[in-house]
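Chemist: Have a look; sequence and predicted model below, questions after that.
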Amino acid sequence: MKKVIHRAEDRGIQNHGWLKAAHSFSFANYHDPAKVNFGLLRVLNDDVVAASMGFGTHGHDNMEIVTIPLKGALAHKDSLGSEGLIGPGEVQVMSAGKGIRHSEYNGSNSEEVNLLQIWVFPKDHNIDPRYDQKKFDLDNNRNGFNVLVSPTEEQNSMWINQDAFFSMGKFDASASETYTIKHPGNGAYIFLIEGKIDVEGEVLNKRDAIGISETGDININILEDSQILIIEVPMQ
């Protein structure tokens with residue numbers, strides 16, 4: 001079993017006024033040669049966007065982009081004609097493929113929006129771009145992981161153009177869970193959204209993360225009420 005630990009306070013912090021961003025991996029003006037990626041996971045940005053502000057129309061290609069709002073309402077519009085709001089409990093998937101343009105704005109005039117934006121390198125290149133969003137009820141399966149995104153539309157999940165899985169769960173203190181790697185050779189990047197947990201002997205606090213590879217099962221003990229995101233990706 002191989003481990004890499006990323007502490008919340010060691011992330012790349014950028015304050016642009018309208019945008020406060022914490023980068024788990026090198027991004028934009030933040031570069032750390034030791035934190036460029038975890039396998040095919042390239043970006044995990046923890047963004048707080050001021051009221052009525054956001055990212056103007058811009059383009060992407062050949063990247064799988066997953067957006068998870070944690071607080072507030074995010075307004076989306078893209079070149080495929082997709083348009084709408086997403087909020088906590090919802091997940092957005094965008095396969096950029098051979099090219100897509102989009103904008104993301106805070107849909108509120110008075111409150112901040114907090115979101116996770118995650119990029120994964122694709123399996124197939126230059127596919128037709130695609131957009132999807134879906135609402136999940138994490139409280140319906142408390143103390144267990146809910147598969148949000150997978151390589152196929154299985155278990156009520158959305159699909160992604162990669163042998164990757166996104167799972168999230170809310171857990172009560174003193175619970176325990178074993179996460180089993182779903183695709184041989186994958187690793188798991190465990191990002192603690194809220195709470196305190198022990199992962200294979202390593203204690204994580206809010207916004208800490210641990211990447212684990214070269215194993216089949218990962219044991220997690222919940223030390224405080226917690227919300228956990230696991231991003232399972234190929235390592236090469």
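Modeler: Yep, it's here. Since the model is a prediction, treat every value here as computed from it, not as a measurement. Numbering: from 1, shown residues only.
Chemist: Wait, Arg130 touches Gly97, no?
Modeler: Yes - counting by CB atoms under 8 Å, Arg130 does reach Gly97; the two are 6.9 Å apart. Yep, even glycine has a C-beta here, placed from its N, CA and C like the rest.
Chemist: On the three-state scheme, Glu154 is what?
Modeler: Secondary structure state of Glu154, per DSSP: H, G, I helix; E, B strand; the rest coil, is coil.
Chemist: For it, which non-adjacent residue is closest in space?
Modeler: Val147 (7.5 Å; CB to CB, 6 or more residues apart in numbering).
Chemist: so who does that neighbour touch?
Modeler: Counting by CB atoms under 8 Å, 6 or more residues apart in numbering, Val147 makes contact with Glu154, Gln155, Asn156, Ser157, Phe165, Phe166, Ser167.
Chemist: Show the pLDDT at the last one.
Modeler: Ser167 is assigned a predicted lDDT (pLDDT) of 97.
Chemist: Which neighbours in the sheet does the host helix or strand of it have, and how are they oriented?
Modeler: Remark: Ser167 resides in strand 165-171, with elements defined by DSSP states H and E. Applying DSSP bridges to the sheet, strand 165-171 is found paired with strand 146-150 (antiparallel), strand 217-234 (antiparallel).
Chemist: any idea of the mean pLDDT for the first one?
Modeler: When pLDDT is averaged over strand 146-150, the result is 96.
Chemist: on contacts alone, who are the packing partners of the very next helix or strand once past it?
Modeler: Following strand 146-150 in sequence order, the next helix or strand is strand 158-159 (DSSP H and E). For strand 158-159, the packing partners by 3 or more CB pairs under 8 Å, 6 or more residues apart in numbering; DSSP states H and E come out as strand 90-95, strand 146-150.
Chemist: Put the alpha carbons of the last one into CSV.
Modeler: Output in CSV follows, covering the C-alpha atoms of strand 146-150 (Å, rounded to 0.1, in the frame of the first residue of the first chain):
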residue,chain,number,x,y,z
ASN,A,146,-23.1,6.4,-2.8
VAL,A,147,-21.6,6.0,-6.3
LEU,A,148,-22.1,9.4,-8.0
VAL,A,149,-20.0,8.9,-11.1
SER,A,150,-18.8,5.7,-12.8
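Chemist: Centre of the chain to it, how far?
Modeler: 11 Å (CA atoms, centre = their mean, to the nearest Å).
Chemist: Grab the nearest non-local neighbour of Ala73.
Modeler: Ala73's closest residue in space is Gly107 (CB to CB, 6+ apart), at 3.8 Å.
Chemist: what about the nearest residue to Met1 once chain neighbours are set aside, distance to Gly187?
Modeler: Nearest-residue entry for Met1: Thr215, 4.2 Å, with adjacent residues in sequence omitted and distances by CB to CB, 6+ apart. Shown here: Thr215 relative to Gly187, a distance of 8 Å by CB to CB, to the nearest Å.
Chemist: doesn't Val233 make contact with Gly187?
Modeler: Yes - here Gly187 reaches Val233: they are 6.5 Å apart, a contact under CB under 8 Å.
Chemist: Are there residues contacting both of these two? Which ones?
Modeler: Phe38, Gly39.
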